[in-house]
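S.K.: Here is my input; please provide its structure:
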Amino acid sequence: MDELNHTPCYKKVMIIDDNEIDRYIASRNIKKYDFAEEVILKESANVALDYLKSLAGTSEDLPQLIFLDIRMPEKDGFDFLKEYEMLPELIKKSCIILMLSTSLSPDDHERAKHNKYVSKFLNKPLDKEKLIQIKEFTDYR
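M.R.: Numbers count the residues shown, from 1 in each chain. The predicted model follows:
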């Protein structure tokens, strides 16, 4: 498949990024290409963790995909992952985490690759080609 359907691929996806412009670009492309019915935007790891905890009992309300930025103030993406590990199993089984970053650091790529909760590492911006890659990748999971 080299195109996205006209029917959304996912019900809900969440973007965790402190940069308002990056959140906007990702959200706009997700909507433009019918990638998801609903886009949940969170500006920090703490706000995202609180949101996920509030949905701990209802898997249908959880985002199927989480786009997680690495470089954020207070808690970065890797700090988020440490706390994510302690969340209920239902959350961890329901969500696929994709690291999304501008980082060119080989250390960041390696850390993401070796984290059991990270399914894929993508460079920003989130565009049509990356959405197609994600759809193909998640179809085979």
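S.K.: Span of stretch 98-108 from start to end?
M.R.: By C-alpha to C-alpha, to the nearest Å, the extent of stretch 98-108 from end to end equals 13 Å.
S.K.: can you give me the strands in the chain?
M.R.: Under the criterion DSSP state E, the chain contains strands at 10-16, 36-42, 65-69, 96-101, 118-123.
S.K.: Pick the most deeply packed of these.
M.R.: Comparing the strands of the chain by mean neighbour count (mean count of other C-beta atoms under 10 Å), strand 65-69 ranks first with a mean of 26. For the C-beta atoms, the positions are set from N, CA and C on the backbone; glycine is no exception.
S.K.: hang on, the earlier thing: of the strands of the chain, which is nearest residue 89?
M.R.: Nearest of the strands of the chain to residue 89, taken as C-beta to C-beta: strand 96-101 at 14.8 Å.
S.K.: what inclination does that closest one have with respect to strand 10-16?
M.R.: Counting by axes from the mean of the first three to the mean of the last three C-alpha atoms, to 10 degrees, strand 96-101 points 40 degrees away from the direction of strand 10-16.
S.K.: just checking, what packs against strand 96-101?
M.R.: Counting contacts by 3 or more C-beta pairs under 8 Å, 6 or more residues apart in numbering; DSSP states H and E, strand 96-101 packs against strand 65-69, helix 77-84, helix 106-113, strand 118-123.
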